[in-house]
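Undergrad: mind folding the following:
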Amino acid sequence: MNGKLSDQPAVELIREIRLKGQSGTLRLQQDRAEVVVYFENGRVIFAAANLRNLRLREYLMKQGLVSEKDLAALVTHSDSELASALCANGRLDRRTIDALFATQVADVLRMALLWMEGKWDFDERTRLGDSVRAELDLRELLMEAARRVQPKFVSSRFQNPNELISPVAGLPTNISLSPTEGFVLSRVDIPTKLNELIAVSGLGDLETYRAIYVLALGGFLQREHWGIVSHYEQAQGNELDLGPGIPEEPVTAEPVSAPSELPGKTEEEDLDEFFERLSNATTHYQVLDVTTSAGDDQIKQSYYALARRYHPDRFQVTSTSTQHARIESAFARVTQAYEILTNAAQRLTYDAKLAAHERSRKFAKSAPKPSKQPSAARQAGPEASGSETNMQEAENSFEEGFAALEQDQTSIAVMHLAAAARMAPREPRYRAYYGRALAALEQTRRLAEVELQAAIKLDPSNTSYRVMLAELYFDLGFLRRAKTELERALAAEPNNASARTLLRKIGADRKTG
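TA: Presented below is the predicted three-dimensional model:
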């Protein structure tokens, strides 16, 4: 089987082979770069590339495990042969080699999974003849790649608005989802048409497509339509199972060689430092390495200094296509930062966004803390609440959602609060404020009532939750229900100002009516 990556990208090809439990060799090629991925009953057991920085020798030297002089004495043609030679002469043990292979294979796949142009070929007759077997989490790599591909491409994978998106039973708990992904996942409790899911999510089309694409590749959701290209029928059943597939009949192994290495120079010594600094930069000022009070002259000086050292044209000949693309991407951030900070109007807008972010951080700090009154979750013990790590993630999402809610950023608030409520469904604060956010959107008010009632059930003594529910009923025109909740709140807390104000408003509305 073979085809073009523009029709069937690597991330979907590998998902399909994995799902069907196939064995064989997948060759991927983009320009001069080539990758070979080896499968055994659906598991990726090894991957190799023809790029120097993705060969075993580079990993050995980078980690200081073997000197360049010692490596020069070992004349080998493949990474597996090099590994065997190092183990044979006692320089490295098998555990170290396996760990290096796992890192190397993951890096090769991170690159190849993003290829959208080029060609591919899958051959079930060719197998890996060596004893190399790398252990890696393919689900994480697929989801990571799906988060990084271009929005235009993701949108192109959803052509049928009536495609059914279905939930999957037995979801894993060790995979971290973004707030958007967690929120979209929480909306799919039964098979739902794509256009209906977009409507109920309250998010934009592209944002919803991205979340569904990531969740489907990770096995959290099941899509009705995938661009399957092989002549085999798609495996039926639980799409979540990304473990080893059904064993095949023994096939005589035909060794296949890894791609030969491309000639070329190594990176400039300070490129890695440049990439690392940019990866840690969170603002345009940090990208250009200037202060927020820097003037135009200082910003220009910094930009030109970076351009002299890292402009992509300097590496046009000496770098591989993948490395050059990385340099172009990095320098694009530098150029964007320079253009915004040297434009007075754009810089003013950008500074306002930074200030808003700082305000949001302060609002997050003011988010309600757990009640001293033990909730049902805390009474049930740590097993019910989840691990400390999960609870901290839930608390972080809650604080971000609360901050967005305080600033009338309803869609963002819903996204973060949904994630908190999903991770810790027995924490009443998360359910209550998630309900409050849902109440602000007309299409989700029914769900808001469910969340607020759940919060009251978990913490009946908290009068603020009853007032929130009363406010929802008031907005819906259910005045009798609103009055009942307010009277219950005042019975527990007679001086609750919010409850008394809303109760007077209900009385005034009835007189007017």
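Undergrad: for the rest of this, base every contact and every neighbour count on C-alpha atoms.
TA: Fine.
Undergrad: distance of residue 503 from residue 478?
TA: 13 Å (Cα to Cα, to the nearest Å).
Undergrad: how does the chain divide into domains?
TA: Listed by automatic domain parsing, the domain ranges of the chain are 2-126, 150-223, 271-342, 376-512.
Undergrad: mind listing what's buried in stretch 309-329?
TA: For stretch 309-329, a neighbour-count test (16 or more other Cα atoms under 10 Å) marks 310-312, 315, 318-324, 327-328 as buried.
Undergrad: can you give me how far stretch 217-229 is from the chain middle?
TA: 17 Å (Cα atoms, centre = their mean, to the nearest Å).
Undergrad: show me where the stretch 101-250 of the chain has its helices.
TA: 138-148, 151-156, 179-186, 194-201, 205-217 (DSSP state H, counting those that start in this stretch).
Undergrad: can I get the domains of the chain in a markdown table with distance to residue 370?
TA: A markdown table is the format used below for the domains of the chain (distance: least, Cα to Cα, whole Å):
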| stretch | distance to residue 370 |
| --- | --- |
| domain 2-126 | 41 |
| domain 150-223 | 21 |
| domain 271-342 | 31 |
| domain 376-512 | 7 |
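Undergrad: for residue 369, find the nearest of those.
TA: Of all these, domain 376-512 sits nearest to residue 369, with 8.2 Å by Cα to Cα.
Undergrad: and residue 503 and residue 478? Which one has more around it.
TA: residue 503 (23 against 13; other Cα atoms under 10 Å).
Undergrad: wouldn't the more buried one be in contact with residue 488 here?
TA: No - using Cα atoms under 8 Å, residue 503 is not in contact with residue 488, being 11.6 Å away.
Undergrad: which among the helices of the stretch 101-250 of the chain is found nearest to residue 4?
TA: helix 151-156 (14.6 Å).
Undergrad: quick revisit: could I get the helices of the stretch 101-250 of the chain as TSV with distance to residue 336, mean neighbour count and mean pLDDT?
TA: Output for the helices of the stretch 101-250 of the chain, formatted as TSV (distance: least, Cα to Cα, whole Å; neighbours: other Cα atoms under 10 Å; pLDDT from 0 to 100):
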stretch	distance to residue 336	mean neighbour count	mean pLDDT
helix 138-148	19	19	88
helix 151-156	19	14	88
helix 179-186	26	22	82
helix 194-201	32	18	84
helix 205-217	23	22	90
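Undergrad: and these: which comes nearest residue 8?
TA: Using Cα to Cα, those put helix 151-156 closest to residue 8, at 11.3 Å.
Undergrad: how far off centre is that closest one?
TA: On Cα atoms, centre = their mean, the centre of helix 151-156 falls 16 Å from the chain's centre.
Undergrad: and it, what does it pack onto?
TA: helix 205-217 (3 or more Cα pairs under 8 Å, 6 or more residues apart in numbering; DSSP states H and E).
Undergrad: any idea of the angle the helix it packs on forms with helix 138-148?
TA: 170 degrees (axes from the mean of the first three to the mean of the last three Cα atoms, to 10 degrees).
Undergrad: got the contact list for helix 205-217?
TA: 12, 15, 139, 142-144, 146-147, 151, 154-155, 158, 180-181, 184-185, 198, 201, 221-223 (Cα atoms under 8 Å, 6 or more residues apart in numbering).
Undergrad: can you say which helix or strand has residue 411 in it?
TA: Per DSSP states H and E: residue 411 is located in helix 410-423.
Undergrad: can you give me the mean pLDDT across that helix?
TA: The pLDDT scores in helix 410-423 average 88.
Undergrad: now that helix - C-alpha only, PDB.
TA: Provided in PDB are the C-alpha atoms of helix 410-423 (Å, rounded to 0.1, in the frame of the first residue of the first chain):
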ATOM      1  CA  THR A 410     -18.100  33.200  29.700                       C
ATOM      2  CA  SER A 411     -16.800  30.800  27.000                       C
ATOM      3  CA  ILE A 412     -13.400  30.700  28.600                       C
ATOM      4  CA  ALA A 413     -14.900  30.300  32.100                       C
ATOM      5  CA  VAL A 414     -17.100  27.300  30.900                       C
ATOM      6  CA  MET A 415     -14.100  25.600  29.400                       C
ATOM      7  CA  HIS A 416     -11.900  25.800  32.500                       C
ATOM      8  CA  LEU A 417     -14.700  25.100  35.000                       C
ATOM      9  CA  ALA A 418     -15.800  22.100  33.000                       C
ATOM     10  CA  ALA A 419     -12.300  20.700  33.200                       C
ATOM     11  CA  ALA A 420     -12.300  21.200  37.000                       C
ATOM     12  CA  ALA A 421     -15.800  19.600  37.400                       C
ATOM     13  CA  ARG A 422     -14.700  16.600  35.300                       C
ATOM     14  CA  MET A 423     -11.500  16.000  37.300                       C
END
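Undergrad: list the buried residues of it.
TA: 410-423.
Undergrad: so which elements touch it?
TA: Checking 3+ Cα pairs under 8 Å, 6+ apart, helix 410-423 ends up next to helix 179-186, helix 388-406, helix 428-439.
Undergrad: which one of those lies closest to residue 291?
TA: It's helix 388-406; of the helices and strands packed on helix 410-423, that one is closest to residue 291 (Cα to Cα) at 26.6 Å.
Undergrad: what angle sits between that closest one and helix 428-439?
TA: Going by the same axes, to 10 degrees, helix 388-406 makes 40 degrees with helix 428-439.
Undergrad: so helix 388-406 versus helix 410-423, what angle?
TA: Using the same axes, to 10 degrees, helix 388-406 lies at 160 degrees relative to helix 410-423.
Undergrad: and residue 447, how many neighbours does it have?
TA: Neighbours around residue 447, by other Cα under 10 Å: 13.
Undergrad: you'd agree residue 342 is up against residue 297?
TA: No - at 9.2 Å, residue 342 and residue 297 do not qualify as touching, with contact defined as Cα under 8 Å.
Undergrad: higher neighbour count, the two?
TA: residue 342 (15 against 10).
Undergrad: which residue comes closest to that one once chain neighbours are left out?
TA: residue 296 (6.0 Å; Cα to Cα, 6 or more residues apart in numbering).
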